[in-house]
Structure formats: structure tokens, C-alpha cells
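S.K.: One predicted model, sequence on top.
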Amino acid sequence: MFDFLDSGQYDLLDAFWVTVQLAVYSAIGSLIWGTALAGMRVGPVPIMRSFGTAYVNVVRNTPLTLVIIGCSLGLSQTLGFSMGADNFDDIGFRMAVLGLTAYTGTFVCEALRSGINTVPVGQAEAARALGLGFFQVLTLIVLPQAFRAVVAPLTNVLIALTKNTTVAAAIGVAEASLLMKEMIENEADAIFAVFSVFAFGFVVLTLPTGLLLGWVAKRVAVKR
Amino acid sequence: MKLRKATVAIATGLTLSLVLTACGGGSGSGDDSGNKITIGIKFDQPGVGLKTSDGKYTGFDVDVATYIAKELGHKAEDIIWKQAPSAERETLIRNGDVKFVAASYTINDKRKAEVSFAGPYLMAHQDLLVRADETSITKAEDLNDKKLCSVSGSTSAQNVKDRLAPKADLQQVGGYSECLTGLENKAYDALTTDNSILAGFAAQKEHQGKFKLVGLSLSDEPYGIGLKKGDTELQGKINKALEKMQKDGAWEQAIKANFGPANYKNDPAPPITETS
Amino acid sequence: MTSVLYDAPGPKARQRNILYTVGFLAVLALLAWWVLGTMADKEQLESKKWSPFVTDSRVWTTFLLPGLWETVKAAALSVLIALPLGAALGIGRLSDHAWVRTPVGVVVEFFRAIPVLLLMMFASAAFVQFTDIESEIRPMYAVITGLVLYNASVIAEIVRAGILSLPNGQTDAAKAIGMRKGQAMTFVLLPQAVTAMLPALVSQLVVIVKDTALGGALLGFSELMYQNRAITANYGANTIAALTVIALIYILLNFALTSFASWLEARVRKGKKGTGAVVDIKTVDAGGAGPGAG
């Protein structure tokens, strides 16, 4: 039943490796972008606040499929912005990372914002009393504590991101779900085996992440 | 208490819509009563088979199918058009969901193992579509350092990769429109698929003067009418209808009407080969 | 909290803020200028690419609105089927019997760990092979099956969290007047949990609506996203314009749902009748319900 695994026709590890790469690059990107968005949304400059709010509300309510196809069609094709890649495989991969980052950043931003709310008011007040400016208060006092509080929600975002990398199949990035689609078409008599192999792959990717980061979340949580 | 009322209202609304959809979803094809005939065509290929914004259907395949239906004794109003995406055609025929399929359906041996064909009614070839001012692409080998677009899973894409221009940078996308946008934007240099489909796109009024066909014959794609395997009676009738269509000039007229403005040089009507 | 992060701006800070504002606006303007300029260069702003959406009502009646209807139908059906299933799984996970609790837990965790796209693709292939569902509605069935499997397990967690959010006194009181476990659940706990869960459930609806787009892009389900192909085939490959309009429809629909969820949450929190407990979607979305796919 599982003989397609030995046929050498499909490179499962390669496909899952692309999935992992997509997840890692997008995770780093969305952490940075989400933090920047959160900074804008709690900052003193009104225009940045409204930009942050508008961005989050618009992107969060758009299907990820549309965001990624938009990146590929709009940014790369029409605007000619290819992030330095020169063949279509690389462009597709980078556009998928960009789309995932733009989308996931909004969830990181919202998680961080609720994390900021868990930091006691006295912390920021004390910092201001010392004469720190907004940027210093945010980066030195509030964010380090906020991050420790939101490890658990961010883990959920990371797991969702890992699963969301499958959407990159919509622009033809050769990750796990695209391979599964191909295999289902070719191995019609073994769809249960194909599905269980891929399901297993994703369980392997997401479960340990959840357990490990769940443990980290408990370790670093600020006891109040 | 108000909230509970709201909840009830929402629940009622949802249930109602469920009931409505459940009722609405049932009808469809399969009923041949009242002299209806169900035919599978493409819905998204201008010039070949297209669902227009009026909810009507146009294209060469549609004209051919209408003609055949007329010869089989069905009025144009009695035709139920059904979408037949490339991957679904064999299934539709096998399940009897459609009487026959006219959907840029190339006759080949692999498909003949599953369905029977009548025709062919058009000899198409794989070709390239380029921007009107493009001069550097005249033969397949020119593609080797070019950016090429095709629709994922198509045989045209496979042809390019395997033998025509293995070094071309090939992007496979979900639909032809994406390719055309990219071609217009200079993200791609050429789009490849059957020349009938390319001509249909190039002939659209929004595209006239923008693109041109290179005019290569990179492969032979004889389009046939797909029907249930072994239904020789229907096959004979359809072949007779196709012959009549070619003789009385309706075939030529349909070509002109659908591909005319694209400078598409069609092959003459192919002789019927699919008999049993 | 946010306002305590910075002092009320004095004259100097106000000046600096103005500087930031001007700088930020300049960057945005530059970006917009580049985007629009390049698009105009590549003839993507031509009015004939965009005008059909305003002048030609048939774009709406033939393509967009039927597509939207398919989207809404699939989302509504998914929720309606997933709701009872999810409730059963959620209660099952709270069971006192390990032989119920454990398998239910495994099922829930399994379906939450798997991308919904994989479930849809598998369902689609399975329907082709083992059923004779018509090809026209098969993609919709596949999408709904995938969404139900995934969302039932998410709803199970919402239900579980909703019941756990109720004060212990509720169970104790029910037991004190002689109710059995089943009675306490159906007459005391569930009715109260439902109010606490409502906002989270409406938020989940947004995720479902977004996920239907996957079926359009990859499985040939003729929902809103899929109409892009039909529209661009008719109006001269105006993909950018078509996708922009489609995105706007999604955003409006989901924004309405999100706003409704927040309104609901505010009502529940204020309500004096209930316990005031609210299930926060963020606490239960270990599988990723919040960010969702699609």
C-alpha cells in the first residue's frame, strides 16, 4: 500500500523541507513585521496608529489565498518586484514568504498588543518617571515583558503558520500540499496511504513545536 | 433576554438558508425529459468555449456542439451546458452526466482507453502567443533564454520542458488570464498552448493589436467529440453531423466568427478518422 | 495601558510628532506613486480593465454575486454541520470516562494539527473514488467536508473552554438539587456556555469564510475567488482589477462578521443575566483557529 514511497518518483523530504523553509522564513519575517505593527498601533503618532489599525483590519479579513496570489500577480508580475530572484521557482518561494509574512504579521501584532496589556501600568509609569522616551519604554521595559506573556499565543500563531504554508500551492510553490495533490492524481488507488503520510508529516511538524514552546511558555512566564 | 432572542433569530436564519440551499441544490443535469440534452464545454476559454456575462455561451466548440445537437434533433434552447474542466472530462462522460463533450478535447490513445471519440472537427497545434512587437521569438529554440508561461498540468508545458526548450524559464499558473496579464506586463515573453485557445484570447476586443501568434506547429492536437465508450450509434450520428457541417459552410463560418480577428491560419477541416 | 506608554506631548514632542507624521506620509505617498506609476506604465490602470465592475451590472449578476452566494452557502453549511459535531466532541472530551475522553481527544488533536487544505484535497479524491456525487457539486462537498472536520475540532475546544469557564458553583448547585451529570450538562452548563461561546463562534465564521477561498483556488469550487477566472476570460485578462474587487468583497463581509463578534462580546460581558464569562478565541486556538488558513 505504501510502495509509492520506495518508487523514487516523489521526493517527500524535499517537499517537506520547502514547507519547513517557508515556515521558518515567514515566522522570522512576521515576528519582525508584527512587532513593528504593534509598535505603530500603541505609539504616540496618530497617523501611524491609524495605518496600523487599517492594515490589520484589512489584511486579517482577506483570505490568505488572495494575499499570496496578490503578491505573486501584483507585486512580482505587475510591479516587477522580485526580491532579487531571477527564476520563477525562487520568485514563487519569496512571494509566498512575503504573503505569509504580511498576513501572519497581523496576528503577531494582535497577540503582542494583548501581551502589552498584561504588563502592569506601574512598569511603564516607573520607566517614564525615569525620563525614558516612548521608544525606550517600549523596547526596554514593556516589550520584553510582553513577549514572555505571549509565548503561548505566538506558538498558536506559529503552528497556524506552518499549516498555512500549504496555501503557497496556489502559486505553484513545490511544497508538501502540491506534492500531495500530484500524488493523489497519480496514485488514485492509494489515496488513504498518501493522505496518512502527509498528515503524519504535519503532525510531526506541529505537535513537537506546540509541546516544546508550551514548556518554554511556562518557564518564561512572568509570575504576577 | 434580548440576546437570547437574537440568538434564536440567527439560528432561525441559518437554518432557513440551509433548508433553502438544500432545496436549490438538487436540480441540475441528468433529466433528458422534454428533449433536453446536456453537453460538456469549457467555460473559460474565449473563442473556444466561454460563459459570457449575459450567462450565454460562445465559442467554436459551442457552435460545433450546437450544430451537432441540431442534427441529433435538439433545439438550441434545449441544450443544457455543463462545465467540463480538463481533469473532469472522462469522469463526466463515464458517469453519463453529459451526452457528449466538446471541450478542446485532443484525441489520443490514453484517452481512447476510457472514452470514445467522434471527429476530429478541428486540427489545432501547440503554438506561442507573444506581444505584438516581439521579434526575437520565431522558433521553439528561441525560448531557451526566455520566460514562458503555461497552465499547470497542461501537455503544452510538458512538451516545452521535455523536448522543445528545456532551458526555458517556465512558470505554470492556474489560468490563462494570469499568463496574459504577465505577458502584457512583460513578466513573461511568451504563452504556450493550443493555437485555437491562443487565437480565441488574441481575438478578444480588449486584446486586439496587443498580441500575435507566432504561427508554429509544435504538435498536432486533433480535437474530437468525446462520448461514452463503445456508443457507436452516437459516434456515427455525430460524424455525419460534422461532415454535413463542413460541407454546408457552417464550419468555415464558425471559424471566422470565433478566431477571425486573430490572424489565425486554421488547417482545413480535418477528415473524420474516428470510426469503429 | 497604551496611553501610559508615553507622556502627554509637550511642545517639543508635538513638533517631533508632526515631523514623524510628515515623514510617514511622504513614505506612503512615495510608495503609492511608485505602485500607481508602474501600474499605469504596464497599462493596468486602463479604464476598460476596471470599468466593467461599475458600468456592467452583468459582472455582478452573472459572476460575483453567484460566487458570493456559493461562498456564503459553503460557510453556513460548514458551521451548521460542525456545530453539533463540535459540541458532541467538546462534551466528550470532558467525560468522566477515559475510554470516551481519550479517543475523542486524539481525534480532536489530529484534525487540528492538519492543514485544512489537505483535508479538502483528500475529501475531493475520496468522493471521486467512492461516491457518484456529481462533478458540479463535488468541489463544494469536498470543501465543506474539509471545513467541517477541521472546525468541528476547533469548536470542540471552544465548547470545552466555554463549559470550563463557568464557575464551579453551577455544577455543585445542580448536583445539590439531585441532577445527574447528563442533566446538569444539558440544563445548567450548556445553556450558559452557549452565551459565553457565541463571540468565539462568530469569529470562527470569519476563518471559515476565508478558508472557502482555498477551494476556489485549488479545487475548482465555483465560489467568489473562482469567479476571477471567469471574469478575466470575459473582460480581457483584467486580473488585477478582478482580484482587487474580489478582495474588497471578502474584506467587507469579514469586517461585518468581525464587528458583529465584538458587539456580541461586549453584550455578553455587560449582560447581568449570564455569568459574564466569555471564551476568548485566543485561548483555544492551539490548532490555529485564530489566524486560520485560507
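M.R.: It's in. Residues are numbered from 1 along each chain as shown, chains lettered A, B, ... in the order given.

S.K.: What residues does chain A have near chain B?
M.R.: Contact residues, chain A versus chain B (CB under 8 Å from any CB of the partner chain): A:Leu73, A:Ser76, A:Gln77, A:Thr78, A:Gly80, A:Asn87, A:Phe88, A:Gly92, A:Ala170, A:Ile171, A:Gly172, A:Glu185. C-betas here are computed from N, CA, C, even on glycine.

S.K.: Greatest separation within those: which pair is it?
M.R.: Farthest pair in those (CB to CB) is A:Gly80 and A:Glu185. Separation: 33.6 Å.

S.K.: quick one: which helix or strand includes residue 182?
M.R.: I went with chain A, as the question did not name one. In the assignment (DSSP states H and E), A:Glu182 maps to helix A:176-186.

S.K.: Actually, chain B is the one I wanted.
M.R.: helix B:176-184.

S.K.: Next, the buried residues of the strand or helix carrying C:Gly169.
M.R.: Per DSSP H and E: C:Gly169 is located in helix C:168-176. By 16 or more other CB atoms under 10 Å in any protein chain shown, the buried positions in helix C:168-176 come out as C:Gln170, C:Thr171, C:Ala174.

S.K.: Just the CA coordinates for it, please, in PDB.
M.R.: Extracted as PDB, the C-alpha positions of helix C:168-176 are listed here (Å, rounded to 0.1, in the frame of the first residue of the first chain):
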ATOM      1  CA  ASN C 168     -17.800  25.500  39.800                       C
ATOM      2  CA  GLY C 169     -20.800  26.600  41.900                       C
ATOM      3  CA  GLN C 170     -23.000  25.900  38.900                       C
ATOM      4  CA  THR C 171     -22.200  22.200  38.800                       C
ATOM      5  CA  ASP C 172     -22.300  22.000  42.600                       C
ATOM      6  CA  ALA C 173     -25.700  23.600  42.800                       C
ATOM      7  CA  ALA C 174     -27.000  21.300  40.100                       C
ATOM      8  CA  LYS C 175     -25.700  18.300  42.000                       C
ATOM      9  CA  ALA C 176     -27.100  19.600  45.200                       C
END
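
S.K.: who's in contact with that helix?
M.R.: C:Gln183, C:Ala184, C:Phe187, C:Val188, C:Leu189, C:Gln192, C:Thr275 (CB atoms under 8 Å, 6 or more residues apart in numbering or on different chains).

S.K.: now the nearest residue in space to the fourth one that is not next to it in sequence: how far from C:Leu94?
M.R.: Looking back up the chat, that one is C:Val188. Using CB to CB, 6 or more residues apart in numbering or on different chains and skipping the chain neighbours, the partner closest in space to C:Val188 is C:Ala174 (4.4 Å). Per CB to CB, to the nearest Å, C:Ala174 is found 14 Å from C:Leu94.

S.K.: same thing with C:Ala261?
M.R.: Distance check for C:Ala261 against C:Leu94: by CB to CB, it reads 25 Å.

S.K.: Name the residue in the two with the higher neighbour count.
M.R.: C:Ala261 (20 against 17; other CB atoms under 10 Å in any protein chain shown).

S.K.: Quick one: the buried residues of helix C:168-176 as CSV, columns for distance to C:Asp7 too.
M.R.: Converted to CSV, the buried residues of helix C:168-176 look like this (distance: CB to CB, whole Å):
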residue, distance to C:Asp7
C:Gln170, 46
C:Thr171, 49
C:Ala174, 53
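
S.K.: Can you get me a residue count around the nearest residue to C:Ala193 once chain neighbours are set aside?
M.R.: With sequence-adjacent residues excluded and distances taken as CB to CB, 6+ apart, C:Ala193 is closest to C:Gly162, at 3.7 Å. For C:Gly162, the count of nearby residues is 27 (other CB under 10 Å).

S.K.: Hmm, C:Pro199 and C:Gly162 touching each other?
M.R.: No - counting by CB atoms under 8 Å, C:Gly162 sits too far from C:Pro199 to count as a contact (10.5 Å).

S.K.: so C:Arg160 touches C:Gly90, yeah?
M.R.: Yes - assessed by CB under 8 Å, C:Arg160 is found in contact with C:Gly90 at 4.5 Å.

S.K.: and the two? which has more neighbours close in?
M.R.: Using other CB under 10 Å as the criterion, C:Arg160 and C:Gly90 rank with C:Gly90 on top: 28 against 23.

S.K.: Assign a three-state SS to that one, would you?
M.R.: helix (DSSP: H, G, I helix; E, B strand; the rest coil).

S.K.: ok, and the closest non-adjacent residue to it?
M.R.: C:Val159 (3.0 Å).

S.K.: confidence score at the residue in chain A that chain C sits nearest to?
M.R.: As assessed by CB to the nearest CB, chain C sits closest to A:Ala160 within chain A, at 2.7 Å. pLDDT for A:Ala160: 94.

S.K.: Which secondary structure state is assigned to B:Tyr223?
M.R.: Classified using three-state DSSP, B:Tyr223 is strand.

S.K.: burial of it, as a residue count?
M.R.: B:Tyr223 has 25 nearby residues by other CB under 10 Å.

S.K.: and the closest residue to it other than its chain neighbours, how far is that from chain A?
M.R.: Nearest residue to B:Tyr223 in three dimensions, chain neighbours excluded: B:Leu122, at 4.4 Å (CB to CB, 6+ apart). Using CB to the nearest CB, to the nearest Å, B:Leu122 is found at 27 Å from chain A.

S.K.: right, and the helix or strand after the helix or strand B:Leu122 falls within?
M.R.: According to DSSP H and E, B:Leu122 maps onto strand B:116-131. Next along the chain after strand B:116-131, taking DSSP H and E as the criterion, comes strand B:147-151.

S.K.: Can you tell me which residues in the stretch 101-250 of chain C are near chain B?
M.R.: So the stretch 101-250 of chain C meets chain B at C:128, C:132, C:134-137, C:194-195, C:198, C:217, C:220, C:228-230, C:232-240 (CB under 8 Å from any CB).

S.K.: Helices - which of the residues you listed land there?
M.R.: Among those, DSSP state H puts C:128, C:194-195, C:198, C:217, C:228-230, C:232-234, C:239-240 in helices.

S.K.: now, which of the residues you listed lie close to chain A?
M.R.: Restricting those to those near chain A by CB under 8 Å from any CB leaves C:Val128, C:Ala217, C:Thr239, C:Ile240.

S.K.: So the first one is in contact with C:Tyr141, correct?
M.R.: The one in question is C:Val128. No - at 10.7 Å, C:Val128 does not count as touching C:Tyr141 under the criterion of CB under 8 Å.

S.K.: rewinding a little: help me confirm that the residue nearest to C:Ala193 is found in a helix?
M.R.: Yes - membership of C:Gly162 in a helix is supported by three-state DSSP.

S.K.: ok, now how distant is the closest residue to C:Lys181 other than its chain neighbours from B:Leu50?
M.R.: The shortest distance from C:Lys181 to any non-neighbouring residue, by CB to CB, 6+ apart, is to C:Asp96 (7.2 Å). Going from C:Asp96 to B:Leu50 by CB to CB gives 62 Å.

S.K.: Let me know the secondary structure of whatever residue of the stretch 1-150 of chain B ends up closest to chain C.
M.R.: Going by CB to the nearest CB, chain C is nearest to B:Ser53 of the stretch 1-150 of chain B, at 3.8 Å. Look at B:Ser53: counting by three-state DSSP, its state is coil.
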